[in-house]
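Engineer: Pasted the sequence and its predicted model underneath.
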Amino acid sequence: MTRRRDAHGSADSDARASVAPSLEASTHRLSYEPPFDWPRTLAFLRARCIGSVECVDDSSYLRTVRWGECANGPASTAWQSRIGWLRICAAPESDALDVQLSASLAPVAEPLLRHLRAIFDLDLESSLPLAVLPAGTPMRGPMRLVGTFDGFELAVRAIVGQQISVKAARTVIGRIVERYGELLPAAPDGIARVFPTATQIASLDDAVIASFGLNAQRARTIRLLAAQIAEGSLVLAPHAPVQPTLERLLATPGIGDWTAQYIALRSLCWSDAFPAGDLAVLRALDARTPARARAIARDWQPWRAYAVMNLWSSLGAGG
């Protein structure tokens with residue numbers, strides 16, 4: 001399907017620069033093959049930031065982090081994880097991103113940096129989508145996928161965001177973070193709390209989840225999804241198997257095609273994800289139905305997710 005540079009070779013060489021424990025934050029450089037539109041990537045993230053968890057300024061993305069000590073991905077339980085923060089910005093006069101990690105994350109720097117390579121699509125041969133997508137495909141904006149650091153966080157955001165605006169979804173999620181997000185000691189200005197774990201949310205009653213501004217069905221969906229992630233039967237991270245993950249998502253009451261495809265695009269970083277029912281996609285394609293949108297995008301396979309990113313960008317940062 002997709003041809004990418006060897007993620008292990010490239011990531012490891014970049015990641016080994018500063019992984020020894022230190023009292024100070026460490027800085028790492030992650031290279032990529034240009035072009036890469038970092039300002040548009042920042043605009044995309046800025047429109048979706050979760051208060052206290054993420055922050056975007058003119059040049060960088062800052063967020064809190066929960067990372068498993070022994071796993072190659074975010075941990076689902078507090079006892080398996082360590083918390084900290086990271087900041088990402090464009091490297092000056094270089095085709096690379098500079099990543100600053102808090103000292104608490106030094107022992108897990110290598111797997112964490114590999115994860116960042118995946119979610120910012122740094123191993124993409126950027127010419128491939130342009131070479132494969134037909135002439136006339138809207139490709140204005142970021143040529144790369146913008147994944148998510150925490151698949152559970154993204155899934156909650158997607159469920160909360162069903163049929164409401166990005167801004168309204170951020171408000172509801174902000175309430176959950178304020179109540180159940182763990183405080184991060186000595187956090188930089190702009191962030192303060194780590195997103196709750198799946199285990200925490202799975203332990204709540206539906207009525208408690210609904211009290212943050214959700215209807216009963218969406219509250220139940222979030223709890224059921226959290227339970228699957230907490231028990232390990234559902235993994236929402238790059239390189240997770242796409243079709244089994246989609247099937248498990250669609251089997252969860254309250255998750256339909258749009259939500260499953262959106263999660264696959266941003267959590268699994270699947271190059272062919274296509275949320276055909278997305279209102280912004282329908283508007284950008286001037287399509288009245290998801291079936292019509294799928295028909296228009298049929299020849300874009302297996303790069304439909306890249307077209308979606310650019311369709312969203314064509315309507316503004318918020319999509």
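Structural biologist: Thanks, I have it. Numbering: from 1, shown residues only.
Engineer: CA only for contacts and neighbour counts going forward, please
Structural biologist: Noted.
Engineer: what mean pLDDT does the host helix or strand of Leu45 have?
Structural biologist: Using DSSP states H and E, Leu45 maps to helix 38-46. Mean per-residue pLDDT for helix 38-46: 92.
Engineer: got it, and stretch 183-194?
Structural biologist: Rounded mean pLDDT across stretch 183-194 is 96.
Engineer: How far does it stretch from one end to the other?
Structural biologist: The first residue of stretch 183-194 is 6 Å away from its last residue (Cα to Cα, to the nearest Å).
Engineer: mind listing the strands for this structure?
Structural biologist: 26-31, 54-56, 60-68, 81-90, 96-101, 182-183, 193-194 (DSSP state E).
Engineer: Deepest-packed of those strands, please.
Structural biologist: strand 193-194 (a mean of 24; mean count of other Cα atoms under 10 Å).
Engineer: outside of it, which residues touch it?
Structural biologist: Ser52, Val53, Thr64, Val65, Arg66, Ile83, Val177, Glu178, Gly181, Glu182, Leu183, Leu184 (Cα atoms under 8 Å, 6 or more residues apart in numbering).
Engineer: shouldn't the second one be in contact with Arg66?
Structural biologist: No. In terms of Cα atoms under 8 Å, Val53 does not count as a neighbour of Arg66; the distance is 10.8 Å.
Engineer: shared neighbours, these two?
Structural biologist: Common neighbours of Val53 and Arg66 (Cα under 8 Å, 6+ apart) are Val194, Phe195.
Engineer: Ser126 versus the closest residue to Ala216 other than its chain neighbours, what's the distance?
Structural biologist: Leaving aside its chain neighbours, Ala216 sits nearest to Ala210 (5.9 Å; criterion: Cα to Cα, 6 or more residues apart in numbering). According to Cα to Cα, Ala210 and Ser126 sit 42 Å apart.
Engineer: Equivalent analysis for Thr252, please.
Structural biologist: Applying Cα to Cα to Thr252 and Ser126 gives a distance of 35 Å.
Engineer: Please name the residues that touch Leu285.
Structural biologist: Ala293, Ile296, Leu311.
Engineer: quick one: it and Ser104, what's the gap?
Structural biologist: From Leu285 to Ser104 the distance is 46 Å (Cα to Cα).
Engineer: Check Ser60 too.
Structural biologist: In terms of Cα to Cα, Ser60 sits 20 Å off from Ser104.
Engineer: repeat for His115
Structural biologist: In terms of Cα to Cα, His115 sits 17 Å off from Ser104.
Engineer: out of those two, which sits in the more crowded spot?
Structural biologist: Legend: neighbour count by other Cα atoms under 10 Å for His115 and Ser104, higher for His115 (22 against 18).
Engineer: gap between the more buried one and Leu225?
Structural biologist: The value you get for His115 to Leu225, if Cα to Cα is used, is 22 Å.
Engineer: For this protein, name the helix or strand with the lowest mean pLDDT.
Structural biologist: helix 7-15 (a mean of 39; mean pLDDT, DSSP states H and E).
Engineer: what sits against the spatially most central residue of the chain?
Structural biologist: With distances taken as Cα atoms, centre = their mean, the chain has Thr148 as the residue nearest its mean C-alpha position (1.2 Å). For Thr148, the contact set (Cα under 8 Å, 6+ apart) comprises Ile119, Leu154, Arg266, Ser267.
Engineer: low-scoring stretches of the stretch 1-150 of the chain, by residue?
Structural biologist: Scanning the stretch 1-150 of the chain for pLDDT under 70 picks out 1-23, 69-80, 135-136, 138-142.
Engineer: Recalculate using a threshold of 50.
Structural biologist: Under the criterion pLDDT under 50, the flagged ranges of the stretch 1-150 of the chain are 1-22, 69-73, 75-79.
Engineer: now swap in the stretch 201-319 of the chain and tell me
Structural biologist: 317-318.
Engineer: Quick one: the helices in it, in order.
Structural biologist: 206-210, 216-231, 242-250, 257-266, 279-285, 290-296, 304-314 (DSSP state H, counting those that start in this stretch).
Engineer: Which of these sits closest to His28?
Structural biologist: Checking those against His28 by Cα to Cα gives helix 257-266 as the closest, at 23.5 Å.
Engineer: buried stuff in the closest one?
Structural biologist: Under the neighbour-count criterion of 16 or more other Cα atoms under 10 Å, helix 257-266 has Asp257, Trp258, Thr259, Ala260, Gln261, Tyr262, Ile263, Ala264, Leu265, Arg266 buried.
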